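Chemist: sequence? don't have it. structure:
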Ligand code: PGA
């Protein structure tokens with residue numbers, strides 16, 4: 001059965017010292033969590049120090065992005081083997097902020113996904129529609145293009161090692177969350193796309209996270225949906241207690257399946 005994966009995307013927040021402190025707080029908060037896979041994604045700068053804090057605990061380490069090339073003249077970028085060396089487990093790829101502000105495309109998402117998989121790490125592939133796209137009736141076509149683009153050329157074995165984060169752009173950082181039904185419908189649609197590509201058994205094995213203003217108040221409802229397998233959490237992951245307030249209902253949801 002697929003896992004519930006709850007990841008904190010810290011974005012461009014926290015100095016190194018603050019990151020180490022928050023990581024230690026998260027480690028302490030989730031020490032009794034057994035069913036949910038918990039991950040935290042600090043900035044590149046803090047990754048190595050946070051890696052020391054989470055080593056040997058039940059908290060996994062995630063990076064917020066990666067470059068697809070091995071090394072070389074790519075100022076400002078970090079390669080997958082650099083992440084692997086310090087113990088990164090997951091890499092967030094194709095976040096809507098990357099797509100909106102930094103020119104990420106479905107092609108670059110695909111290159112990054114392949115590179116990360118080739119080094120044994122798990123990509124968290126972010127997809128999601130803008131408000132204009134949803135209101136214009138393009139939800140399904142946008143998700144189809146993003147999923148087909150991200151998974152182009154990936155084998156079924158590779159696909160099994162991916163996580164998808166469905167994040168409606170209009171819900172990210174806005175305080176507006178998709179309703180349980182809206183989220184469930186989109187997740188079921190995405191799972192159907194994966195089934196078309198790889199068959200039902202692979203599609204059933206891939207965790208699909210919800211992201212976009214997920215918080216302790218709405219986590220139980222979202223995580224109770226049959227096709228919602230965790231969350232990618234921004235704002236509410238910046239404090240250990242609110243992050244735990246999302247993980248705890250995830251643990252209950254995992255136990256009841
Ligand atoms: P949010 O961010 O929880 O602050 O809406 C989610 C994300 O961007 O991954």
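Modeler: Sure thing, it's come through. Quick caveat, the model's predicted, so the values are computed rather than measured. Numbering: from 1, shown residues only.
Chemist: contacts and neighbour counts: CA atoms only from here.
Modeler: OK.
Chemist: tell me which helix or strand the residue nearest to the spatial centre of the chain sits in.
Modeler: Residue closest to the average C-alpha location in the chain (CA atoms, centre = their mean): residue 124, at 4.3 Å. When elements are assigned from DSSP states H and E, residue 124 belongs to strand 122-127.
Chemist: repeat for residue 214
Modeler: Judged by DSSP H and E, residue 214 forms part of no helix or strand.
Chemist: so, low pLDDT: which residues of this structure?
Modeler: Low-confidence segments of the chain (pLDDT under 70): 257.
Chemist: can you give me the helices in it?
Modeler: Ranges of helices in the chain, per DSSP state H, are 16-29, 44-54, 80-85, 96-101, 106-118, 131-135, 139-150, 156-160, 180-198, 200-205, 216-223, 240-255.
Chemist: about what we covered before: contacting residues around the residue nearest to the centre of the chain?
Modeler: By CA atoms under 8 Å, 6 or more residues apart in numbering, residue 124 lies in contact with 90, 91, 92, 93, 162, 163, 164, 165.
Chemist: what bridges to it?
Modeler: Beta bridges link residue 124 to residue 92, residue 163 when assigned by DSSP bridges.
Chemist: quick revisit: tell me the angle of the strand holding residue 124 relative to helix 180-198?
Modeler: 120 degrees (axes from the mean of the first three to the mean of the last three CA atoms, to 10 degrees).
Chemist: can you list the residues of the chain near the ligand?
Modeler: Within reach of the ligand by CA under 6 Å from any ligand atom, the chain has these residues: 9, 171, 172, 173, 211, 212, 213, 214, 232, 233, 234, 235.
Chemist: what count of nearby residues applies to residue 28?
Modeler: By the criterion of other CA atoms under 10 Å, residue 28 has 14 neighbours.
Chemist: then residue 256?
Modeler: 8.
Chemist: again, but for residue 65
Modeler: 25.
Chemist: could you list the buried residues of stretch 79-97?
Modeler: 79-81, 83-84, 87-96 (16 or more other CA atoms under 10 Å).
Chemist: swap in stretch 166-174?
Modeler: Buried residues in stretch 166-174 (16+ other CA under 10 Å): 166, 167, 168, 169, 170, 171, 172, 173.
Chemist: restricted to strands, list the residues you listed.
Modeler: Counting by DSSP state E, these place residue 166 in strands.
Chemist: can you redo the buried residues of stretch 166-174 as CSV with distance to residue 108?
Modeler: Shown next, in CSV, are those (distance: CA to CA, whole Å):
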residue, distance to residue 108
166, 18
167, 18
168, 20
169, 19
170, 23
171, 24
172, 22
173, 24
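Chemist: which one of the buried residues of stretch 166-174 is nearest residue 152?
Modeler: residue 166 (17.9 Å; CA to CA).
Chemist: what's the spacing between the closest one and residue 62?
Modeler: Look at residue 166 and residue 62: by CA to CA, to the nearest Å, they are 17 Å apart.
Chemist: ok so, going back, could I get the contacts of residue 124 as CSV with distance to residue 57?
Modeler: Formatted as CSV, the contacts of residue 124 follow (distance: CA to CA, whole Å):
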residue, distance to residue 57
90, 15
91, 19
92, 21
93, 24
162, 22
163, 21
164, 24
165, 24
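Chemist: from these, pick the one nearest residue 201.
Modeler: For the contacts of residue 124, the nearest to residue 201 is residue 162 (14.1 Å; CA to CA).
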